[in-house]
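> the following comprises the amino acid sequence and a computationally predicted model.
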Amino acid sequence: QVKHNGKNNFLKFEPHMVNFQQNKRKMEKILREALVNEQFVLLYQPQVYAGTKRFYGVEVLLRLRTESGVMLTPDKFIPVAESVGLIVPIGAWVIRAACEQGMEWIRRGYDPIKISINISGLQLKSIQFLSSVKNILEETGMNPANLTFEITESTIIDQSYTVLHVIEEIRKLGISVAIDDFGISYSSLSVLKNFPIEILKIDKSFVREMVTDEKGYKIVNAIINIAKSLDLRIVAEGVEDSTQLELLDELGCQFIQGYYISKPINEHEVSKFLPHRVALNHSHYIDSIQEK
Ligand code: C2E
Ligand code: MG
Ligand code: MG
Ligand code: MG
């Protein structure tokens, strides 16, 4: 954010930098208050099987409700949260809240669903990450087999040794690891080679271009073939119309997510999507609730 002046190497401060610093400080304050006042909100975007459109799970997407009631999207606050170290407590809050909600759906009699959570690279590098995940699993009772952590390519390139270790430990806990926004960074293929991931999420920019552009189509085809040959599950994000869905299904993409199926929605709206409510008299979940 600080620019070097080419000629004499003096740092040249410009008005927009002052604004950036001020805005950053303002946002940091908003984030600290939001943690205390429970202003973070989770939305959920359904993921479905490409072929049958049967419900598969949800991706958890974070929002911040400001005091004036506006819902901020992550692009407005995650970068600041990362740069001031608040992403660690915020990220832990997200994991806990998502697990609690997952258990709440089960208590209400729905079958367990897959829950996918975005994790910042800075969380992976924080010392307390693994122990905090273990605590959350224990305290909420969430089954790790129903959890996926989505990690973007760009965050795992640097400090790859530490990150590799943490990813291996996540896998040992029984949580799946997905590579998010696949294809947009320069090291996509080495990430596939070097990290034990199970799910590949095709970035929405490729999905958008595959219909309009012959090359775009071929690239998606190639990505899907790589994923298949490595036995990875494939999720396409940003699917907005039936043409995209049909092409992806034809090419062998298993799961899709996007406005065509649903925008990110709140926990009550998710209930309408949830698969077969468990029959009351067969449900061990209901039994366990009644014992309490
Ligand atoms: P992402 O993980 O790649 O999530 C997909 C983004 O695409 C979401 O934006 C979603 O609302 C949007 N999207 C879904 N379907 C469509 C579609 O059909 N068309 C278009 N144009 N967009 C679609 P959102 O919710 O604003 O999140 C943006 C990014 O913020 C996420 O990208 C993720 O990287 C990050 N993020 C979200 N929640 C969290 C979180 O809890 N922790 C961290 N560290 N990052 C998060
Ligand atoms: Mg994601
Ligand atoms: Mg993504
Ligand atoms: Mg993305």
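Everything's here; your move. Ligands and ions are numbered 1, 2, ... in the order given.
> can you pull out the helices in this structure?
For the chain, helices defined by DSSP state H occupy the ranges 15-37, 74-83, 87-107, 121-125, 129-140, 153-157, 160-173, 188-194, 204-212, 214-229, 242-251, 267-273, 284-291.
> next up, the contacts around the residue sitting nearest the centre point of the chain.
Central residue check for the chain by CA atoms, centre = their mean: the C-alpha nearest the mean position is that of Asn118, 2.7 Å away. The contact partners of Asn118, by CB atoms under 8 Å, 6 or more residues apart in numbering, come to 59-62, 94, 150, 180. No exception for glycine: its C-beta is placed from N, CA and C like everyone else's.
> so where is the stretch 151-292 of the chain shaky, pLDDT-wise?
Low-confidence regions of the stretch 151-292 of the chain, defined here as pLDDT under 70, cover residues 158-160, 276-292.
> before we move on, back to that, let's have the helices of the chain in a markdown table, adding distance to ligand 3.
Putting those into a markdown table (distance: least, CB to the ion, whole Å) gives the following:
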| stretch | distance to ligand 3 |
| --- | --- |
| helix 15-37 | 22 |
| helix 74-83 | 11 |
| helix 87-107 | 15 |
| helix 121-125 | 14 |
| helix 129-140 | 20 |
| helix 153-157 | 10 |
| helix 160-173 | 17 |
| helix 188-194 | 13 |
| helix 204-212 | 7 |
| helix 214-229 | 13 |
| helix 242-251 | 15 |
| helix 267-273 | 19 |
| helix 284-291 | 31 |
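> Throw the ones you listed into a markdown table and include mean neighbour count and distance to Gln45, thanks.
A markdown table is the format used below for those (neighbours: other CB atoms under 10 Å; distance: least, CB to CB, whole Å):
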| stretch | mean neighbour count | distance to Gln45 |
| --- | --- | --- |
| helix 15-37 | 13 | 21 |
| helix 74-83 | 17 | 13 |
| helix 87-107 | 20 | 13 |
| helix 121-125 | 20 | 20 |
| helix 129-140 | 16 | 21 |
| helix 153-157 | 20 | 20 |
| helix 160-173 | 16 | 22 |
| helix 188-194 | 15 | 23 |
| helix 204-212 | 17 | 12 |
| helix 214-229 | 16 | 20 |
| helix 242-251 | 17 | 15 |
| helix 267-273 | 14 | 9 |
| helix 284-291 | 12 | 25 |
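> Tyr44 is nearest to which of those helices?
helix 267-273 (4.9 Å; CB to CB).
> ok, residues contacting that closest one?
Where contact means CB under 8 Å, 6+ apart, the residues beyond helix 267-273 that reach it are 42, 44, 46, 55, 58, 101, 104-105, 108, 110, 262.
> do the same with stretch 148-156
Outside stretch 148-156, the residues within contact range by CB under 8 Å, 6+ apart are 57, 59, 114-122, 124, 163-164, 167, 170, 175-182, 184-185, 187-188, 191, 195, 197, 199, 201.
> I'd say Leu232 and Phe195 touch.
No - under the contact definition of CB atoms under 8 Å, Leu232 does not touch Phe195, with a separation of 11.2 Å.
> and the contacts of helix 267-273, which are buried?
With neighbours counted by 16 or more other CB atoms under 10 Å, the contacts of helix 267-273 contain buried members at 42, 44, 46, 55, 58, 101, 105, 110, 262.
> got a list of what the fifth one touches?
With contacts defined as CB under 8 Å, 6+ apart, the neighbours of Val58 are 44-47, 113-116, 270.
> one more time with 7 Å
With contact set as CB atoms under 7 Å, 6 or more residues apart in numbering, Val58 has these partners: 44-47, 113, 115-116, 270.
> does it have beta-bridge partners, and which?
Residues in a beta bridge with Val58, per DSSP bridges, are Pro46, Ile115.
> any idea how far Ile30 is from Phe20?
When distances are taken as CB to CB, to the nearest Å, Phe20 and Ile30 turn out to be 15 Å apart.
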